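Peer 1: turn this into a model:
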Amino acid sequence: MNKFFIIAAYNFRDIISRNFFKISTLVISLLIMVILILPDLIVKLNFVSGDSSEYLIYISDGKNYIFDDDLELNLYLRNIEDNLDNKYYFKLVEREITEDKLMDKLNNGDIDGYINVISKNTINIFTRENYPEIKFILDRYILSKKFEDGVSYPNYNFESLSLSKNKVIGVIKNYTYPFLLLLFIYTIFVLYGQFIAMNVNIEKSSKIIDIFITKVRLPVIILGKLFGYLLVALMQLLYFIGILFLITGLMSDKYFPIIKEIIVFDTVFMLKYVLYFILGFIIYGLLFTLIGSVIDKIEELSIGLIPIVFLISIGYFFSMVNLQFPANYLKNLLVCIPFFTPFIVITDNNFVIYKDIVAFLIMMVTMVILVYINIKFSRQMIKFKGKNLRKNK
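Peer 2: Next comes the predicted model:
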């Protein structure tokens with residue numbers, strides 16, 4: 001057991017001294033600061049306004065208080081369109097169309113707004129965003145009919161639902177926190193995995209492993225190295241989490257209300273997140289170790305790592321899909337696939353004890369299988385090299 005901790009401590013110190021550890025820590029720390037500022041900045045600077053310049057507006061005037069048909073209004077609109085920044089198309093709906101149906105069309109994005117004429121003196125206007133030109137259009141149109149129909153300027157009850165803005169805010173709230181947690185896992189798995197594979201390959205090529213195996217059992221070497229890397233990765237992850245909540249805590253509620261609402265510490269969720277990070281790191285670490293020990297030349301290592309990096313990327317992709325469609329049933333299957341579990345659990349806030357127990361047991365069994373495969377392959381490679389050496393002699 002003492003040899004296990006000696007190997008772990010050596011690899012712990014080795015990776016701490018590496019430049020990639022320092023650079024990745026600094027870069028992700030800066031990225032956390034930028035991402036925490038962006039959500040409120042995007043909303044305040046109004047980056048969420050739509051690019052469309054053509055709008056469809058329905059008109060409900062069942063008793064024809066003001067509008068007899070939409071053709072007259074649209075023809076009049078063409079005469080004043082030079083005074084408008086956008087193009088508007090008005091459609092007078094049938095009397096049977098209720099306000100509830102119009103609101104449904106508005107919320108579904110089928111129309112950009114609707115005008116409900118309550119009386120000659122009252123008009124309710126509901127729009128997706130704030131379109132002040134509608135009031136201007138109606139005033140000019142009613143003025144043109146004023147002396148003919150005796151219609152005076154009505155009172156406008158204008159309500160902008162800000163659907164696009166609210167939709168973007170909803171996306172920000174839904175994605176920001178999980179994105180940061182996924183970023184931590186994805187970055188650490190890929191960076192440390194490549195380092196593990198390269199280090200194993202170098203030790204194998206330089207015959208260091210042949211010296212180790214005469215004094216230390218092979219399982220102790222593999223698990224000791226992995227444990228040392230895990231400690232550094234876990235330390236870095238906890239640092240990122242600490243920075244995340246520290247910066248959020250220092251931010252003002254007045255200037256950053258959205259991010260303060262998003263980043264909330266949940267003890268149970270965070271413990272689950274760290275647990276699955278540890279299990280996922282060990283599983284992917286064993287996969288990278290296997291690739292490093294199987295490939296002969298370090299020049300070919302990058303090609304051999306592609307399938308594992310691709311596997312990590314698939315896990316990230318499925319987590320994004322799960323965020324977009326939280327009610328999908330596929331997540332119940334994906335959470336039981338050990339290579340995807342660390343990513344999927346981040347996007348599932350529901351704590352179902354039996355599901356987590358099953359996922360945990362599957363990951364533990366996968367770890368045991370991968371340890372066995374690593375030991376078997378490493379021994380075969382050492383025997384193969386030994387035979388080649390005897391032949392050369």
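
Peer 1: CA atoms for contacts and neighbours, from now on please.
Peer 2: Will do.

Peer 1: how about low-confidence regions in this structure?
Peer 2: Residue ranges of the chain with pLDDT under 70: 1, 46-53, 146-153, 160-167, 206-215, 349-351, 381-393.

Peer 1: helices of that one, residue ranges please.
Peer 2: Using DSSP state H, the helices of the chain run over 2-16, 19-44, 70-80, 99-108, 133-149, 163-205, 208-213, 218-250, 257-262, 267-294, 301-324, 330-334, 341-344, 353-392.

Peer 1: mind listing what's buried in the third one?
Peer 2: Using 16 or more other C-alpha atoms under 10 Å as the burial criterion, the residues of helix 70-80 that qualify are D70, L73, L77.

Peer 1: spatially central residue in this structure, please.
Peer 2: F179 (3.6 Å; C-alpha atoms, centre = their mean).

Peer 1: among the helices of the chain, which is nearest I123?
Peer 2: Within those, the stretch nearest I123 is helix 133-149; the backing value is 10.0 Å (C-alpha to C-alpha).

Peer 1: now the angle from that closest one to helix 70-80?
Peer 2: 110 degrees (axes from the mean of the first three to the mean of the last three C-alpha atoms, to 10 degrees).

Peer 1: and helix 133-149, what other elements does it pack with?
Peer 2: Here helix 133-149 touches helix 70-80, going by 3 or more C-alpha pairs under 8 Å, 6 or more residues apart in numbering; DSSP states H and E.

Peer 1: one more time with 6 Å, if that's ok
Peer 2: Applying 3 or more C-alpha pairs under 6 Å, 6 or more residues apart in numbering; DSSP states H and E, we find helix 133-149 packed against no helix or strand.

Peer 1: that helix: which residues count as buried?
Peer 2: I134, I137, L138, R140, Y141, I142, L143.

Peer 1: can you pull the alpha-carbon coordinates of that helix into CSV?
Peer 2: Extracted in CSV, the C-alpha atoms of helix 133-149 (Å, rounded to 0.1, in the frame of the first residue of the first chain):
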residue,chain,number,x,y,z
GLU,A,133,-45.0,52.3,-35.0
ILE,A,134,-48.3,50.5,-34.7
LYS,A,135,-49.7,53.4,-32.7
PHE,A,136,-48.4,55.8,-35.4
ILE,A,137,-50.1,53.7,-38.2
LEU,A,138,-53.4,53.6,-36.4
ASP,A,139,-53.4,57.3,-35.6
ARG,A,140,-52.7,58.2,-39.2
TYR,A,141,-55.3,55.8,-40.5
ILE,A,142,-58.0,56.9,-38.1
LEU,A,143,-57.2,60.6,-38.9
SER,A,144,-57.8,59.8,-42.5
LYS,A,145,-61.2,58.5,-41.7
LYS,A,146,-62.0,61.0,-39.0
PHE,A,147,-64.2,63.4,-40.9
GLU,A,148,-65.9,60.6,-42.9
ASP,A,149,-66.8,58.3,-40.1
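
Peer 1: same list (the buried residues of helix 70-80) but as a markdown table, adding distance to I298.
Peer 2: Below are those laid out as a markdown table (distance: C-alpha to C-alpha, whole Å):
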| residue | distance to I298 |
| --- | --- |
| D70 | 73 |
| L73 | 74 |
| L77 | 71 |
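
Peer 1: of those, closest to I306?
Peer 2: Each of those was scored against I306 by C-alpha to C-alpha, and L77 proved nearest at 59.4 Å.

Peer 1: now the closest one: closest residue in space that isn't a chain neighbour?
Peer 2: Counting by C-alpha to C-alpha, 6 or more residues apart in numbering, L77 lies nearest to I137, which is 7.4 Å off, once chain neighbours are set aside.

Peer 1: give me the contact list for stretch 336-352.
Peer 2: With C-alpha atoms under 6 Å, 6 or more residues apart in numbering as the test, stretch 336-352 has contacts from Y276, F277, G280, G315, S319, L323, V335, A359, M363.

Peer 1: end to end, how far does that stretch reach?
Peer 2: Terminal residues of stretch 336-352 lie 13 Å apart, using C-alpha to C-alpha, to the nearest Å.
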